[in-house]
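1. need a 3D model of the following:
(2 chains)
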Number of protein chains: 2
Amino acid sequence: MFKKRNNIKEIEEGKYLEPKFDKNGLIPVVVSDFRNGDILMHGHMNSLALKKTIETKEAYYWSRSRKKIWHKGQISGFVQKVKEMKIDDDQDSVWISVDIGNGASCHVGYRSCFYRSIPLGKIKNTKKIKINFKEKKKVFNPSKVYKNQPNPTKL
Amino acid sequence: MFKKRNNIKEIEEGKYLEPKFDKNGLIPVVVSDFRNGDILMHGHMNSLALKKTIETKEAYYWSRSRKKIWHKGQISGFVQKVKEMKIDDDQDSVWISVDIGNGASCHVGYRSCFYRSIPLGKIKNTKKIKINFKEKKKVFNPSKVYKNQPNPTKL
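-> Numbers count the residues shown, from 1 in each chain, chains lettered A, B, ... in the order given. Below is the predicted model:
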């Protein structure tokens, strides 16, 4: 769908979008909050999701658990309005800066999916590393919002 | 190496680090600049890189092009000092906030790997989408710094 990649110099320093999709046809996407730069989530797009995001200025993803295109916020109402989109040096990952108002990005109910921090420093036992909650209050109640939807988290 | 994942509730709202590595043994990592929140790069860690990053507070990655553990900055000197590390809801991606001083994160020479923006809105021709340089000045000269190192960018 997009321009063919055939020259590394062009990919790195050229003027055309030549995204690289992996074996599954996906490109990873970093999503940050345009208000404060916080990372809200990490997702994936296929070529159609990327095209739809560019054109509609609302984030579309490929849901790996549901195996379908996913217009973020379709169920929860927490649509991500894309303020800016960037691509990296080798064009194999995308960054979008989005406006979610006072909403949330995380299906568990927190504003950001990254609500727990990993303590740094000497590890005593790698199987017992405790993580710390940095967000304590949920923005919404997932059991009410998602009702009978299956949980996207997989073992 | 890390705690076994066997309960979704525990993964999402529990207190233990239970990272999910993909079929290749990798977890994606979002790297942001602790000074201003800018995304510097998107990388991958294997379990050893994750452990070394936690313990040393310097970012280690798995280089997919070189197929080895990679202490970021080993050649360029631009080590990433990790100020904070977070994990997402389903524990399949990591976010680190790093201090790179006045250095760079991008092998092409820019401060951030995301130096080009993708214009939003109606697309005329998906094969001719022009991207715009947002960083214009390189922090270093890659041909001097990396000399005979192979370019990690692949078609």
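
2. nearest spatial neighbour of the residue of chain A found nearest chain B, chain-adjacent residues omitted?
-> Relative to chain B, the nearest point of chain A is residue A:37 (2.3 Å; CB to the nearest CB). C-beta coordinates here come from the backbone N, C-alpha and C atoms, glycine included. Among residues not flanking residue A:37 along the chain, residue B:37 sits closest, at 2.3 Å (CB to CB, 6 or more residues apart in numbering or on different chains).

3. the one you found reaches residue A:34, doesn't it?
-> No - in this structure, residue B:37 is not within contact of residue A:34 by CB atoms under 8 Å, at 10.1 Å.

4. returning to what we had before: tell me how many other residues crowd the residue of chain A closest to chain B.
-> 15 (other CB atoms under 10 Å in any protein chain shown).

5. try residue A:28
-> Other residues close to residue A:28 by other CB under 10 Å number 19.

6. that one against residue A:91, yeah?
-> No - with contacts counted by CB under 8 Å, residue A:28 stays clear of residue A:91, the gap being 11.8 Å.

7. what about stretch A:54-63 and chain B, touching?
-> Yes - part of stretch A:54-63 sits near chain B under the criterion CB under 8 Å from any CB of the partner chain, namely A:54, A:55, A:57.

8. got the phi and psi for the second one?
-> Dihedral angles of residue A:55 (phi, psi; degrees, to the nearest 10) stand at phi -70, psi -40.

9. can you give me the helices in chain A?
-> A:8-13, A:47-56, A:142-145 (DSSP state H).

10. so which of these is the most packed in?
-> helix A:47-56 (a mean of 19; mean count of other CB atoms under 10 Å in any protein chain shown).

11. coming back round to it: just put the helices of chain A in a markdown table and tack on mean pLDDT.
-> Output for these, formatted as a markdown table (pLDDT from 0 to 100):
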| stretch | mean pLDDT |
| --- | --- |
| helix A:8-13 | 97 |
| helix A:47-56 | 98 |
| helix A:142-145 | 92 |
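
12. tell me which of the ones you listed sits nearest to residue B:136.
-> Residue B:136 lies closest to helix A:8-13 among those, at 11.4 Å (CB to CB).

13. you'd agree residue A:130 is up against residue B:16?
-> Yes - between residue A:130 and residue B:16 a contact is recorded at 6.3 Å, counting by CB under 8 Å.

14. so those two - more neighbours on which side?
-> Shown here are residue A:130 and residue B:16; by other CB under 10 Å, residue B:16 has more neighbours (17 against 11).

15. for the more buried one, list the residues it contacts.
-> By CB atoms under 8 Å, 6 or more residues apart in numbering or on different chains, the residues touching residue B:16 are A:128, A:129, A:130, A:131, B:3, B:10.

16. which of these fall within strands?
-> Among the contacts of residue B:16, the subset assigned to strands under DSSP state E is empty.

17. for residue A:17, see how far away the residue of chain A most remote from its centre is.
-> Largest separation from the mean C-alpha position in chain A: residue A:124, at 32.0 Å (CA atoms, centre = their mean). Counting by CB to CB, to the nearest Å, the separation of residue A:124 from residue A:17 is 47 Å.

18. I'd say residue A:86 and residue B:116 touch.
-> Yes - Residue A:86 is in contact with residue B:116 according to CB under 8 Å; the separation is 6.2 Å.

19. any idea how many residues pack against residue A:101?
-> 10.

20. kindly report the same for residue A:140.
-> For residue A:140, the count of nearby residues is 19 (other CB under 10 Å).

21. can you tell me which residues contact it?
-> Residue A:140 is in contact with A:76, A:103, A:104, A:109, counting by CB under 8 Å, 6+ apart.

22. returning to what we had before: including distance to residue A:142, could the contacts of residue B:16 go into TSV?
-> Converted to TSV, those look like this (distance: CB to CB, whole Å):
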residue	distance to residue A:142
A:128	28
A:129	26
A:130	24
A:131	20
B:3	24
B:10	16
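
23. ok, now which ones touch residue A:92?
-> Residue A:92 makes contact with A:19, A:20, A:22, A:27, A:28, according to CB under 8 Å, 6+ apart.

24. and for residue A:25?
-> Applying CB under 8 Å, 6+ apart to residue A:25 gives the contacts A:46, A:47, A:62.

25. one step back: among the contacts of residue A:92, name the buried ones.
-> Burial by neighbour count, 16 or more other CB atoms under 10 Å in any protein chain shown: within the contacts of residue A:92 this picks out A:19, A:20, A:27, A:28.

26. so where's chain A uncertain?
-> Judged by pLDDT under 70, chain A has no weakly predicted residues.

27. which one of the contacts of residue B:16 is nearest to residue A:151?
-> For the contacts of residue B:16, the nearest to residue A:151 is residue B:10 (12.9 Å; CB to CB).

28. correct me if wrong: that closest one contacts residue B:4.
-> No - counting by CB under 8 Å, residue B:10 sits too far from residue B:4 to count as a contact (10.2 Å).
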